[in-house]
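> Take a look and give me a structure for this.
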Amino acid sequence: MPASNGAEITARIDRLPSCREFWRLIVLLSLGGAFEMYDLFQTAYLSPGLISSGIFHAGGKGLFGLTDQASFAAATFAGLFFGTMVFGSVADRFGRRTIFTLSLLWYTAASLAMGIQHSNVGVDLWRFIAGLGIGVELVTIDAYISELAPKRLRGRAFAVNQSVQFLAIPFVAAVSWILVPRAPLGLDGWRWVVSWGPSVQSRFG
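Numbering: from 1, shown residues only. Sure thing, here's the model as predicted:
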């Protein structure tokens, strides 16, 4: 694309009004990010439930000689790293909206799969796979908003985005505090925490 065409498109975006449709898109992207945060910050809260269900063992050795809790956290952040570094640019080729949707579906399916595992290896494997999708989503949402928002609204758009996304952190903490020590309907509480986000997300989608 010639530089003049790029400049013209940028100028058109910067002239867009602060309308209802624009803020609706920002809120929808932010809600997608909130589910991502819910999934990501489970890492700190699931281990007690995984230990009480006998999948993890306190002080035991998990993958690569780490404790089960440490290998779970490592699998999460390895997925984030590779998802961001290796696949973060796919949205440049296939489009923000497409990759936003696909990565959302990816880590939703992986989280549900993790929630039915009965071994530490299975939990860590699916946590890594979920992390790949979360890593792609992290990059895609920020890039998407920066491209949608006129420069005079960009700061406010990111403020709304971050405010909505980070509401998920106290929420997942509260849900975990209520459910992880319990087994509603005979199902381990940690499995409820893992499956709650994807089930609500599927209705939202």
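> for this protein, which helix is longest?
Scanning the chain for the longest helix, with DSSP state H as the assignment, gives helix 120-148.
> which ones are touching Met37?
Met37 makes contact with Gln165, Phe166, Ala168, Ile169, Val172, according to C-beta atoms under 8 Å, 6 or more residues apart in numbering. C-beta coordinates here come from the backbone N, C-alpha and C atoms, glycine included.
> in what helix or strand does the fourth one lie?
Going back to what we said before, that points to Ile169. In this assignment (DSSP states H and E), Ile169 forms part of helix 168-179.
> got a list of contacts for that helix?
34-38, 41-42, 45-46, 49, 189-190, 192-193, 196-197.
> model confidence over that helix, on average?
On average, the pLDDT along helix 168-179 is 95.
> Next, report how far that helix is displaced from the centre of its chain.
What separates the centre of helix 168-179 from the centre of its chain is 15 Å, taken as C-alpha atoms, centre = their mean, to the nearest Å.
> quick check, distance from stretch 31-38 to the centre of its chain.
Distance, centroid of stretch 31-38 to centroid of chain: 5 Å (C-alpha atoms, centre = their mean).
> pLDDT weak spots in this protein?
Residue ranges of the chain with pLDDT under 70: 1-17, 60, 62-63, 199-205.
> so where do the helices sit in it?
The residue ranges that make up the helices of the chain, judged by DSSP H, are 3-14, 20-40, 47-52, 68-87, 90-94, 96-114, 120-148, 154-166, 168-179, 189-204.
> Give the full set of residues in contact with Thr98.
Ala91.
> ok, Val194 - how many residues close by?
Using other C-beta atoms under 10 Å, Val194 is surrounded by 27 other residues.
> cool, Gln162 as well?
12.
> And it, how far from Ile178?
Distance from Gln162 to Ile178, counting by C-beta to C-beta, to the nearest Å: 26 Å.
> Repeat that for Tyr144.
Tyr144 sits at a distance of 33 Å from Ile178 (criterion: C-beta to C-beta).
> The two: which is more packed in?
It is Tyr144, of Tyr144 and Ile178, that has more neighbours when counted by other C-beta under 10 Å, with 22 against 13.
> I figured the more buried one was touching Gly95, is that so?
No. With contact defined as C-beta atoms under 8 Å, Tyr144 does not reach Gly95; the gap is 9.6 Å.
> How about Ala183: what's its closest non-neighbour residue?
With C-beta to C-beta, 6 or more residues apart in numbering as the criterion, Ala183 has its nearest non-adjacent residue at 5.9 Å, and that residue is Gly189.
> residues contacting that neighbour?
Contact partners of Gly189, counting by C-beta under 8 Å, 6+ apart, are Gly49, Leu179, Val180, Pro181, Arg182, Ala183.
> show me the contacts for the first one.
If I follow you right, that is Gly49. Shown here is Gly49, whose contacts under the criterion C-beta under 8 Å, 6+ apart are Ser176, Val180, Pro181, Asp188, Gly189, Trp190, Val193.
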